[in-house]
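Student: here's a sequence, model it:
(chains A and B)
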There are 2 protein chains.
Amino acid sequence: MRDVARLAGVSVATVSFVVNDSKPVSPATRLRVESAMVELDFRRNAVARALASRRTRIIALLFPVLQHRLSDTAARFFTGAAEAASELGYTVVLWPEPSDPGALRELTSGGLVDGVILMEVRLDDRRVDQLLEAHTPLTLIGRTRDPSGLDYVDVDFEGMVEQAIDRLHGLGHRDLVLLEELEREDLDGYGPVVRVGETFRAVCAERGLTGRTLRCDANPAGGRAVASTLLEEMPEATAMLVLNDRAATGLVSELGHRGISVPRDLSVVLIGSTIEVAETADPELAVLVSPAAQLGRMGVETLVGRLDGTLGELRQELVMGAFLEGASLAPPPG
Amino acid sequence: MRDVARLAGVSVATVSFVVNDSKPVSPATRLRVESAMVELDFRRNAVARALASRRTRIIALLFPVLQHRLSDTAARFFTGAAEAASELGYTVVLWPEPSDPGALRELTSGGLVDGVILMEVRLDDRRVDQLLEAHTPLTLIGRTRDPSGLDYVDVDFEGMVEQAIDRLHGLGHRDLVLLEELEREDLDGYGPVVRVGETFRAVCAERGLTGRTLRCDANPAGGRAVASTLLEEMPEATAMLVLNDRAATGLVSELGHRGISVPRDLSVVLIGSTIEVAETADPELAVLVSPAAQLGRMGVETLVGRLDGTLGELRQELVMGAFLEGASLAPPPG
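Tutor: Got it, this is the predicted structure:
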């Protein structure tokens, strides 16, 4: 208002009278005030226009915070992504997935973010279609059932399961158990769970091994509870792959209380977990580490390459994690 | 371009000739096209202006992702914040703190977010000054040395430490140890670390108890390593408060290997940790739970109240966490 007064050569009070129509003002003065407002509007609009066309250099890492727990591993994806973005002059923000699917479209149409990285991808994922329809630049960490035409980077769960089985088989194990989480609606059709289960059964069948599945709550109490199920229902099992890593420490300590020693009586390997979880158990567990930070980084590099036009071909890449031997692998007893 | 052509009463091709200066056009036609462009610019600008003044209803939860690890507890603050925001019609995004402090000011001046919630607050925190200077609506989770005039919600670490000491003292313990993380530059002046240490020493002195401090790496290996330090340097200690919760499980299992049983020989209580960490140890540890999700929620409610003008007075609130007894507390041996 002060700018308008200055440009029109009138007092601030006069501008206020015109704007609010609160006191009579001569037509000539009114015209001067209004002209000044139009003039200033012009200048402001030039700025607004520049802002509107500007890219924000902000990327949303979309994560269903309200539905899936933001685990330690998920946090590592974000850290890797944040590091890569910072190096590339972008900011990646962790964006809780809106409960209203329509709100997904506003993410980029509102001009707030330049593109989206999608996590926790399901085999049939409506979010992918919605974002593609909105012409949102998009990279997946994970992949749908048919990811043709989509940029994605994903954990090579199939490769990791096969490697773990082969290592156990090489030690002489022939009776394996896969420990998963209890079935939950929010995990239904979730890529890693489906792929690990299918691969476990397929590879065990191929190698002529017995491969059964146990499920328990994703916490230490779940692990303690499933220890007795294991001993009662599958006493002949000598090795276990653990996808449900939150239950691992409880399982191992409860087995210890029951006189079952890892690895003397049971070999254990974590699939897609962290070094910290592996080290928390006693003894330290073998682990195929989730390449979380690396995938976060690759996701950002892929999307930024797409945004900047420097990425030519489609990027579709699977990444294995490191295999750390820990102290939980041994030949079967007897 | 089609709109301009329609308004000017010329063909799209003619508009293109004018815009690109690619073919000669009569001065009168050029004027008509240019007038139409100005006219349309006016209308577009009205939209741009509306957009620019529009609040985004996005809140940034600022977290130094590249400096501090995004722990399980930190993730819970975010989850609580995301839930509250969703209920209030806002979106809260986890925003990695820019390494360039100047970039902080752009956060709100760019109109991308309506306000900021600051986490991992130091006693002397330059970010607070920068955000205040930029007139950024601001709420702290945590608090500075002098938080007068600032909205904040914080963990009542002082109250929790006092409660833990009194519980142990009540059991008969007189020789206490506080387990902290190794000193790290990024923890220097970090509120909770300073306040817990000061409160521990002050309350022990007040009650006439021995209160010493041990430090180790914030991981299971650090906990295993510090077990021997404890036994060698402070064999008379009978109770421990653990602020460094990542080391807790390693410490307890290593003590077990050395014949020291929790709680028979040593009582242990976690300060500001999670139920899951407490349950992971064997035996389950006593814990003063970090009220993380609750504080995330309160942070959002406070900031939104400020943004919407519904919060009258300054909000400054300390919150205790629940005390879960676990199985790690007993009278001292002998």
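
Student: which stretches in chain A count as helices?
Tutor: Secondary structure of chain A by DSSP state H: the helices cover A:2-8, A:12-20, A:27-53, A:72-87, A:103-109, A:126-133, A:157-171, A:191-207, A:220-233, A:248-257, A:275-280, A:292-308.

Student: contact residues of the stretch 51-200 of chain A facing chain B?
Tutor: By the criterion of Cβ under 8 Å from any Cβ of the partner chain, the positions of the stretch 51-200 of chain A lying close to chain B are A:51-52, A:56, A:58, A:60, A:65-66, A:69-72, A:74-75, A:78-79, A:82-83, A:85-86, A:91-96, A:98-99, A:110, A:112. From N, CA and C alone the C-beta is placed, and that goes for glycine too.

Student: for A:D72, give me the pLDDT.
Tutor: Model confidence at A:D72, given as pLDDT, is 82.

Student: same check on the one 4 residues further on?
Tutor: What the model reports as pLDDT for A:R76 is 91.

Student: of the residues of the stretch 51-200 of chain A next to chain B, buried ones?
Tutor: Those of those that meet the buried threshold are A:58, A:60, A:65, A:70-72, A:74-75, A:78-79, A:82-83, A:85-86, A:91-96, A:98, A:112, by 16 or more other Cβ atoms under 10 Å in any protein chain shown.

Student: can you add distance to B:L209 and give the helices of chain A back as CSV?
Tutor: What follows is the helices of chain A, written out as CSV (distance: least, Cβ to Cβ, whole Å):
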stretch, distance to B:L209
helix A:2-8, 64
helix A:12-20, 67
helix A:27-53, 60
helix A:72-87, 35
helix A:103-109, 55
helix A:126-133, 56
helix A:157-171, 50
helix A:191-207, 50
helix A:220-233, 32
helix A:248-257, 32
helix A:275-280, 31
helix A:292-308, 43
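
Student: lowest-confidence stretch among those helices?
Tutor: Lowest mean pLDDT within the helices of chain A: helix A:27-53, a mean of 62.

Student: can you report how many residues lie near A:I59?
Tutor: Residue neighbour count, defined by other Cβ atoms under 10 Å in any protein chain shown, stands at 28 for A:I59.

Student: pretty sure it is touching A:W95, no?
Tutor: No - under the criterion of Cβ atoms under 8 Å, A:I59 lies out of contact with A:W95, with a separation of 9.2 Å.

Student: quick check: neighbours shared by the two?
Tutor: Contact criterion Cβ atoms under 8 Å, 6 or more residues apart in numbering or on different chains; residues bridging A:I59 and A:W95 by contacting each: A:113, A:116.

Student: near chain B, which residues of the stretch 201-334 of chain A show up?
Tutor: Counting by Cβ under 8 Å from any Cβ, the positions of the stretch 201-334 of chain A adjacent to chain B are A:219-221, A:246, A:249-250, A:253, A:256, A:276, A:279-280, A:282.

Student: mind doing that once more with 7 Å?
Tutor: A:219-221, A:249, A:253, A:276, A:279-280, A:282 (Cβ under 7 Å from any Cβ of the partner chain).

Student: count of neighbours near the closest residue to chain B within the stretch 101-250 of chain A?
Tutor: Residue of the stretch 101-250 of chain A nearest chain B, by Cβ to the nearest Cβ: A:P220 (4.2 Å). The burial count assigned to A:P220 is 28, neighbours taken as other Cβ under 10 Å.

Student: let me see the contact set for it.
Tutor: Shown in contact with A:P220 (Cβ atoms under 7 Å, 6 or more residues apart in numbering or on different chains): A:247, A:249-250, B:279-280.

Student: residue contacts, the most centrally placed residue in chain A?
Tutor: Computing the C-alpha centroid of chain A and ranking residues by Cα atoms, centre = their mean puts A:M119 first, at 3.4 Å. With contact set as Cβ under 7 Å, 6+ apart, A:M119 has these partners: A:61-63, A:77, A:141-142.

Student: tell me the residue furthest from the middle of chain A?
Tutor: In chain A, counting by Cα atoms, centre = their mean, A:S26 sits farthest out from the average C-alpha position, at 63.5 Å.

Student: that one and chain B, how far apart?
Tutor: Computed with Cβ to the nearest Cβ, to the nearest Å, the distance linking A:S26 and chain B is 26 Å.

Student: nearest residue to A:L270 other than its sequence neighbours?
Tutor: For A:L270, ignoring the flanking residues on the chain, the nearest one in space by Cβ to Cβ, 6 or more residues apart in numbering or on different chains is A:V287 at 4.1 Å.

Student: A:V319 too?
Tutor: Taking Cβ to Cβ, 6+ apart as the measure, A:V319 lies nearest to A:P291, with 4.6 Å between them; neighbours along the chain are not counted.

Student: for A:V153, name its beta-bridge partners.
Tutor: Under DSSP bridges, the beta-bridge partners of A:V153 are A:I141, A:E317.

Student: so who does it touch?
Tutor: A:V153 is in contact with A:141, A:295, A:298-299, A:302, A:317, A:319, counting by Cβ under 7 Å, 6+ apart.

Student: coming back round to it: for the residues of the stretch 201-334 of chain A next to chain B, work out which two are farthest apart.
Tutor: By the measure Cβ to Cβ, A:A221 and A:E279 form the most distant pair in these, at 20.7 Å.

Student: which one's more surrounded, these two?
Tutor: Neighbour tally, A:A221 and A:E279, criterion other Cβ under 10 Å: the higher count belongs to A:E279, 23 against 17.

Student: how about that one: what's its closest non-neighbour residue?
Tutor: B:P220 (4.2 Å).

Student: check the gap between that neighbour and A:V252 for me.
Tutor: As judged by Cβ to Cβ, to the nearest Å, B:P220 and A:V252 stand 13 Å apart.

Student: A:S22: how many residues sit nearby?
Tutor: One way to gauge burial is a neighbour count; for A:S22, by other Cβ under 10 Å, it gives 10.

Student: grab the nearest non-local neighbour of it.
Tutor: Closest residue to A:S22 in three dimensions, ignoring its sequence neighbours and counting by Cβ to Cβ, 6+ apart: A:S16, at 6.9 Å.

Student: what number of residues are in the vicinity of that neighbour?
Tutor: A:S16: 15 neighbours (other Cβ under 10 Å).

Student: how far away is it from A:R2?
Tutor: Between A:S16 and A:R2 the distance is 11 Å, computed by Cβ to Cβ.

Student: list just the nearest of the contacts of A:V153 to chain B.
Tutor: For chain B, the nearest member of those is A:G299. The distance, counting by Cβ to the nearest Cβ, is 14.6 Å.

Student: quick check: the closest one vs B:W95, distance?
Tutor: 18 Å.

Student: what of A:A322?
Tutor: Here the distance between A:A322 and B:W95 works out to 31 Å (Cβ to Cβ).

Student: again, but for A:A292
Tutor: Taking Cβ to Cβ as the measure, A:A292 and B:W95 are separated by 20 Å.

Student: likewise for A:V65?
Tutor: As it turns out, when the distance is counted by Cβ to Cβ, A:V65 lies 14 Å from B:W95.

Student: same question for A:R306.
Tutor: For A:R306 relative to B:W95 (Cβ to Cβ), the value is 22 Å.

Student: and what of A:P27?
Tutor: 51 Å.

Student: same question for A:E317.
Tutor: A:E317 is 28 Å from B:W95, by Cβ to Cβ.

Student: what of A:R76?
Tutor: Using Cβ to Cβ, we find A:R76 at a distance of 18 Å from B:W95.

Student: can you check A:A28 too?
Tutor: Counting by Cβ to Cβ, the gap from A:A28 to B:W95 is 51 Å.
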